[in-house]
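Q: what's the 3D shape of this:
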Amino acid sequence: MSQPTPDTAPAIQHDTLFTTPLDKAARFSFDEQVVACFPDMIRRSVPGYGQVLAMLPIFARRHCKYRQQGDSGQRVSRIYDLGCSLGAASMTLAGEFDPQDLQIKAIDISPAMTSEATTLLSDNYPEHDIEVITADIRDVELEPCDMVILNLTLQFLPAADRVAVLEKIYAALSEGGILVLTEKTHAFDEQYDAWLVERYYDFKRANGYTEMEISGKRNALENVLITDTLDEHHARLDQVGFKRHLTWFQFLNFVSIVAFK
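A: This is a model prediction of the structure:
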């Protein structure tokens, strides 16, 4: 199967949110303005995001099992896309699996995000079993599943709530299932971290962001996006029960970890 073609994909609006000075008290939120330019924002400000998405179907084929679904005799593999935003991970998976193979539950707290995700997924993959849910992932009870995707989501939760979310994921995963955890991080060593941060800003400059835009978004995300070190992520995974986990991808200060149950 294939991804939506340029003829069927929606036009991408350029990210111009921070081209003018903002009130210093303004905080970043996933509202309609962000939704409108989100694909462009992600492409230009998250290094390696496309590579992470591209590997998800490969991981799924290796780790997803098929289970009985109701009384119909149909057997599917269930995947959660937590903090799904516009459903890019769900869409990538749907593009590589037949409709009868997967049940995808995509959850996000932002109504603006889930509204657009519902439209995109239903338009492009109407035959697939994809449920888009507007909810706080901290409040959702997870059903037994084979794979959980947590892309750039944990970093927006209060630090005190992160263990509980991971505990819930671990409990829901079947034996042999996996969690794919992708996050922006910071380094414990200040010089190392400063070098990574400055190279990240170089990445954004190379993608057309101005100094005002870089500074404006940084200020808007302060106390909204709170990063951990890579060691803190691995320690937390140990704490909740994952005995095997590895960093399979890193691009500057963005990393992706796979944890095995």
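Q: need the nearest residue in space to F38, chain neighbours excluded.
A: L86 (5.7 Å; C-beta to C-beta, 6 or more residues apart in numbering). C-beta here means a position set from N, CA and C on the backbone, and glycine is covered the same way.
Q: for that neighbour, grab the count of nearby residues.
A: 26 (other C-beta atoms under 10 Å).
Q: now swap in E198 and tell me
A: 11.
Q: quick one, what contacts the residue nearest to F38?
A: 35, 38-39, 113, 116-117, 120 (C-beta atoms under 8 Å, 6 or more residues apart in numbering).
Q: could you redo the last one with a cut-off of 6 Å?
A: For L86, the contact set (C-beta atoms under 6 Å, 6 or more residues apart in numbering) comprises 38, 116-117.
Q: could you confirm I214 falls within a strand?
A: No: with DSSP: H, G, I helix; E, B strand; the rest coil as the criterion, I214 is located in helix rather than a strand.
Q: now do A172, the pLDDT please.
A: Per-residue pLDDT puts A172 at 97.
Q: now L142, nearest residue through space, not along the chain?
A: A172 is the one closest to L142 (C-beta to C-beta, 6+ apart), at 3.7 Å.
Q: can you give me the helices in this protein?
A: 32-45, 49-63, 88-94, 111-124, 162-172, 190-206, 211-221, 230-240 (DSSP state H).
Q: which one of those helices is the most hemmed in?
A: Comparing the helices of the chain by mean neighbour count (mean count of other C-beta atoms under 10 Å), helix 88-94 ranks first with a mean of 25.
Q: related to what we said a few turns ago, can I get the helices of the chain in a markdown table with distance to Y80?
A: What follows is the helices of the chain, written out as a markdown table (distance: least, C-beta to C-beta, whole Å):
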| stretch | distance to Y80 |
| --- | --- |
| helix 32-45 | 20 |
| helix 49-63 | 12 |
| helix 88-94 | 10 |
| helix 111-124 | 14 |
| helix 162-172 | 8 |
| helix 190-206 | 29 |
| helix 211-221 | 25 |
| helix 230-240 | 16 |
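Q: closest to S256 out of the ones you listed?
A: helix 49-63 (5.1 Å; C-beta to C-beta).
Q: residues in contact with the closest one: which ones?
A: Identification of contacts with helix 49-63 by C-beta under 6 Å, 6+ apart yields 42, 88-89, 92-93, 96, 147, 178, 182, 256.
Q: do the same with stretch 173-193
A: Residues outside stretch 173-193 that contact it (C-beta under 6 Å, 6+ apart): 52, 63, 144, 146-152, 154-155, 169, 196, 227, 229-230, 253-261.
Q: let's see that with 7 Å instead.
A: Contact with stretch 173-193 is made by 52, 56, 59, 63, 65, 144-152, 154-155, 169, 196, 225, 227-231, 233, 253-261, as judged by C-beta atoms under 7 Å, 6 or more residues apart in numbering.
Q: and the gap between the closest residue in space to S122 that isn't next to it in sequence and S90?
A: Among residues not flanking S122 along the chain, I130 sits closest, at 7.8 Å (C-beta to C-beta, 6+ apart). As judged by C-beta to C-beta, to the nearest Å, I130 and S90 stand 6 Å apart.
Q: overlap in contacts of the two?
A: 104, 106, 121.
Q: any chance of these in JSON lines, plus pLDDT and distance to F242?
A: JSON lines is the format used below for the shared contacts of I130 and S90 (pLDDT from 0 to 100; distance: C-beta to C-beta, whole Å):
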{"residue": "I104", "pLDDT": "97", "distance to F242": "22"}
{"residue": "A106", "pLDDT": "98", "distance to F242": "23"}
{"residue": "L121", "pLDDT": "96", "distance to F242": "29"}
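Q: and the residue nearest to S122, how far from T229?
A: Using C-beta to C-beta, I130 is found at 34 Å from T229.
Q: much appreciated, bye for now.
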